[in-house]
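**Q** structure for this input, please:
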Amino acid sequence: MAFVVPTAATIKPEQRTRYNTDYTKPSLLSTTTASMTKTTITTTVSSKEMTANDNLFVSDSNEGHDPEQSPPKISQQQNDDNGGKQQKQKQFPPFWRDMIAYTWNIVTLEGQDAIRDMLQNTLLDVIPDDDNNNDKEERCNDATTKTITTTWKLAKPRRSGTSDFPPPLKHIIDDNENSSMCEFWCDISTTMGTGYAHVRLDLTTKRATSLMTTLTELHDRPFQIGPNRPRGTTSGPVKGRQYFRTTDNESSLKVPDDDEEEFHVVIVGAGQAGLSLAARLEAMKIPYVLFEAGSSPGWTWRKSRYPSLHLHDPVWYQHMPYIDFPKTWPIFTPKDKLADWFDAYATILDLNIRTDTKVVRAIEQYYKGENNNEWRIETMTMIDDGDGENQKRSVVRAKNVVFATGNSSRPRIPNFAGASSKFCGAQLHTSRYKGGAAFQGRSIVVIGSNNSGFDICQDLWEQGASSVTMIQRTGSMIVSSESVLTYGLFLFNEFPQYHHEHADLLLTTTPYRILVEGGAWKQTTNKMKENDADLIARVEASGYKFDYGYDGTGLFAKSATEGGGFYIDVGCAELLARGDVQVRYANVERLESDAVVVFNKDTRQEERLPADVVIYATGFDTMESHVKEICGTDVATRVGTTWGLGLNYKPDKDPSPWTGELRNMWKPTNVDGLWFHGGNLAQCRHYSLLLSLQLAARYVTEFRADGTCTDEVSSTAMPEQPRVYGIPPSTVVEISSEQRLDSVSS
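**A** Numbers count the residues shown, from 1 in each chain. Presented below is the predicted three-dimensional model:
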């Protein structure tokens, strides 16, 4: 099958542009014809004009949609099919979701015009020379040819779980029993690396509805895993042989040197995000350092999480790169056990971690006459020198800074009237909550109604509090753990059909717009609601208000846009249903000496809730707050919002415009060399791969620029620095060469 994408003229290097400022707006056709063999898919970019009848991609819908708004509702058309039975058919533009293979970005292109523009701007950089070693630019400039062709081979299956991955070409079964859709996988190779392409094809029209392309490894920087693992030692006598470790107590948790060090990557934060990325970089031998403010990688989970906390996702979903949890591991992990795992993980993989080290400042530095920049990172390390702890300040330099601090490290505490001046009881955020035993026999008000609020209410009741009242300020939702396992995470179980890293790939094949507007998330949410119907009815009777998010898409869209707004039930919902934990749907008006006064939204009246203790389950600040503190307001403004899709369902958390991907996560931002990594353990596992490949590609191309490469891992020449496609242009005024400084004073 051949994808033939026409261009207005022969593609020349000078015609390629770096930025595409509006890649989500559909427009009229550009596209293709096709031919098929049993083993290959051929992608051809041609200069000839095509007509609508020649399209491989389906024609665009939703023309004229304003990308500044949330995604449009998919049009519903009534067709007289199947004996006159009326059926609704959802119409979408064609999609190409690229994860760094073609764009060195994570973008979803919607509509044929956007897809064509992407290919015009990237294809010459991406496709290798043909089998005859003909230069692709010469082929493109040849007046008699004017085509560029590259071949995708149908993927060879490898054993994965109880099945093979990628799965063979298969028919897609959906609500329409007569569906003509099929899907298949291809192995792809670009100038930089290898990976996969996933294709969904309508067999009736012979047109693709969506493509997904992704890289999984670089040609010039393979992961040193499996068959490529390091030898560990050199056989035979070696004069001056270096030991693996010089003492029994030495580990990978190092103290910074006095001299200013240089790295390619600095990672801030050693939770699941920082550790997963460090593991990938370590496996490619990319120079990096990981800074953790706590005394160990598991410090945050051990010291800043409430003691009853267990992960709400199952163990099969939570594996980290390269080391799976053991077969004896519990399905739902206690937080201290996870902290122990993080500590062991860092040691086993020899990760380059500096603990007790806080990053206090990161400054962009420019050099006269050069267009590149680097970061000057100032750190403060707590060192016990025998006379007590002292602070040691150090400086490192790096091309890239990755914020892996997540959205759960800086407490957000509302400033209610009377909180500091009138209330006589104790007040604390969930990050300081050490268990309910200290509050036996006392009246507790918990402000917040998501996971942490529910968990703490349950713990307080179990530990003997005299009364527990939850204040629900906005609608939220409850879903049973059983429903999440059965309907939400069916790819991850004790006997999985696919290995978890292959299951990760399967989950990336559907664009977010289809998940949101095409009914997939909504249908799964409805199945969960049906399964939990009895529990939901009893909890609603207690006064709890359910909100299933944008168009009923449930915890899936809530997670992608809010980073919360739901509770996976592990027992507290039953306490609400029985009345053992009270709930008020209310706004907090003020705190008095011994009570919290709320405006009850049900009764439309003020209500006084007696309280000895107020606990704030109000969440944490976003990663933007860390950027502002460490990098300054200007950098934070240039970066903008992190996380969210732009649904605008809750504008304060996820404002428009629609982006098609999570904002600024795991991909280039408007600030060169500044990156973000986060999410749950599964997201960190998968996206650490994509982020590490982007960082490694930049390292290898820079490393070879002066022709002095002596790295034994590298064996072939890499192309020029990866060209990023799809970043909106920065609004910051360019700094002139006269304004660039050799150094920036702290």
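**Q** so for the strand or helix carrying Q120, mean pLDDT?
**A** Assessed by DSSP states H and E, Q120 sits inside helix 112-126. Within the predicted structure, the mean pLDDT of helix 112-126 is 88.
**Q** off-centre distance for it?
**A** Between the mean C-alpha point of helix 112-126 and the mean C-alpha point of its chain there is a distance of 24 Å (C-alpha atoms, centre = their mean, to the nearest Å).
**Q** who does it touch, helix- and strand-wise?
**A** Other elements packing on helix 112-126 under the criterion 3 or more C-beta pairs under 8 Å, 6 or more residues apart in numbering; DSSP states H and E are strand 2-6, strand 40-46, strand 95-99, strand 106-110, helix 136-141. From N, CA and C alone the C-beta is placed, and that goes for glycine too.
**Q** same thing but at 7 Å, please
**A** Counting by 3 or more C-beta pairs under 7 Å, 6 or more residues apart in numbering; DSSP states H and E, the packing neighbours recorded for helix 112-126 are helix 136-141.
**Q** residues contacting the closest residue to T204 other than its chain neighbours?
**A** On the basis of C-beta to C-beta, 6 or more residues apart in numbering, the spatially nearest residue to T204 that is not a chain neighbour turns out to be S180, at 4.2 Å. Neighbour list for S180: D202, L203, T204 [criterion: C-beta atoms under 7 Å, 6 or more residues apart in numbering].
**Q** just the closest of these to G640, please.
**A** Here the nearest of the contacts of S180 to G640, counting by C-beta to C-beta, is D202; it sits at 37.4 Å.
**Q** before we move on, the earlier item: can you add secondary structure and pLDDT and give the contacts of S180 back as JSON lines?
**A** As requested, the contacts of S180 are arranged in JSON lines below (DSSP: H, G, I helix; E, B strand; the rest coil; pLDDT from 0 to 100):
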{"residue": "D202", "secondary structure": "strand", "pLDDT": "85"}
{"residue": "L203", "secondary structure": "coil", "pLDDT": "82"}
{"residue": "T204", "secondary structure": "coil", "pLDDT": "82"}
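**Q** need the buried ones from those residues selected in ChimeraX.
**A** Those of the contacts of S180 that count as buried under 16 or more other C-beta atoms under 10 Å are selected in ChimeraX with:
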select :202
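**Q** just put the contacts of S180 in CSV and tack on distance to A270.
**A** Formatted as CSV, the contacts of S180 follow (distance: C-beta to C-beta, whole Å):
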residue, distance to A270
D202, 47
L203, 49
T204, 52
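**Q** from the contacts of S180, pick the one nearest Y699.
**A** The shortest separation between Y699 and any of the contacts of S180 is 41.5 Å, and it belongs to D202 (by C-beta to C-beta).
**Q** isn't the closest one right up against T209?
**A** Yes - contact criterion C-beta atoms under 7 Å: D202 and T209 qualify, at 6.1 Å.
**Q** what about T328, how many residues close to it?
**A** Close neighbours of T328, defined as other C-beta atoms under 10 Å, add up to 5.
**Q** where's it relative to Q318, distance?
**A** In this structure, T328 and Q318 are 15 Å apart, going by C-beta to C-beta, to the nearest Å.
**Q** kindly report the same for I331.
**A** With C-beta to C-beta as the criterion, I331 and Q318 are 10 Å apart.
**Q** then F165?
**A** When distance is defined by C-beta to C-beta, F165 is 20 Å away from Q318.
**Q** who has more neighbours, the two?
**A** For F165 versus Q318, the count of surrounding residues by other C-beta under 10 Å is larger for Q318: 24 against 20.
**Q** correct me, but that one touches D324?
**A** No - counting by C-beta under 7 Å, Q318 stays clear of D324, with 9.6 Å between them.
**Q** overlap of the contact sets of these two?
**A** Overlap of the contact sets of Q318 and D324 (by C-beta under 7 Å, 6+ apart) is empty.
**Q** circling back to that earlier point, just the CA atoms of the helix holding Q120, as PDB, please.
**A** The C-alpha atoms that make up helix 112-126 are tabulated as PDB, following Å, rounded to 0.1, in the frame of the first residue of the first chain:
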ATOM      1  CA  GLN A 112      -5.100  16.500   5.300                       C
ATOM      2  CA  ASP A 113      -3.700  20.000   5.000                       C
ATOM      3  CA  ALA A 114      -1.900  19.700   8.400                       C
ATOM      4  CA  ILE A 115      -0.500  16.300   7.500                       C
ATOM      5  CA  ARG A 116       0.800  17.500   4.100                       C
ATOM      6  CA  ASP A 117       2.400  20.500   5.700                       C
ATOM      7  CA  MET A 118       4.200  18.300   8.200                       C
ATOM      8  CA  LEU A 119       5.500  16.000   5.500                       C
ATOM      9  CA  GLN A 120       6.700  19.000   3.400                       C
ATOM     10  CA  ASN A 121       8.600  20.300   6.400                       C
ATOM     11  CA  THR A 122      10.100  17.100   7.700                       C
ATOM     12  CA  LEU A 123      10.400  14.300   5.100                       C
ATOM     13  CA  LEU A 124      13.800  15.300   3.700                       C
ATOM     14  CA  ASP A 125      15.200  15.200   7.300                       C
ATOM     15  CA  VAL A 126      13.600  11.900   8.100                       C
END
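**Q** could you check the angle it makes with strand 95-99?
**A** For helix 112-126 against strand 95-99, the angle between stretch directions is 30 degrees (axes from the mean of the first three to the mean of the last three C-alpha atoms, to 10 degrees).
**Q** buried set for helix 112-126?
**A** Buried positions in helix 112-126, judged by neighbour count with 16+ other C-beta under 10 Å: 112-126.
**Q** for the longest strand anywhere in the chain, which outside residues touch it?
**A** Criterion DSSP state E: the longest strand present in the chain is strand 389-403. Counting by C-beta under 7 Å, 6+ apart, strand 389-403 makes contact with 256, 260-268, 277, 289, 362, 374-383, 623, 626-627, 673-677, 695, 698, all of which sit outside it.
**Q** can you check stretch 682-702 too?
**A** Applying C-beta under 7 Å, 6+ apart, the contact partners of stretch 682-702 are 99-100, 104, 106, 192-193, 215-216, 218, 220-221, 264-265, 272-273, 276-277, 280-281, 284, 286, 317-321, 399-400, 504, 666, 675, 677, 679, 714, 718, 720-722.
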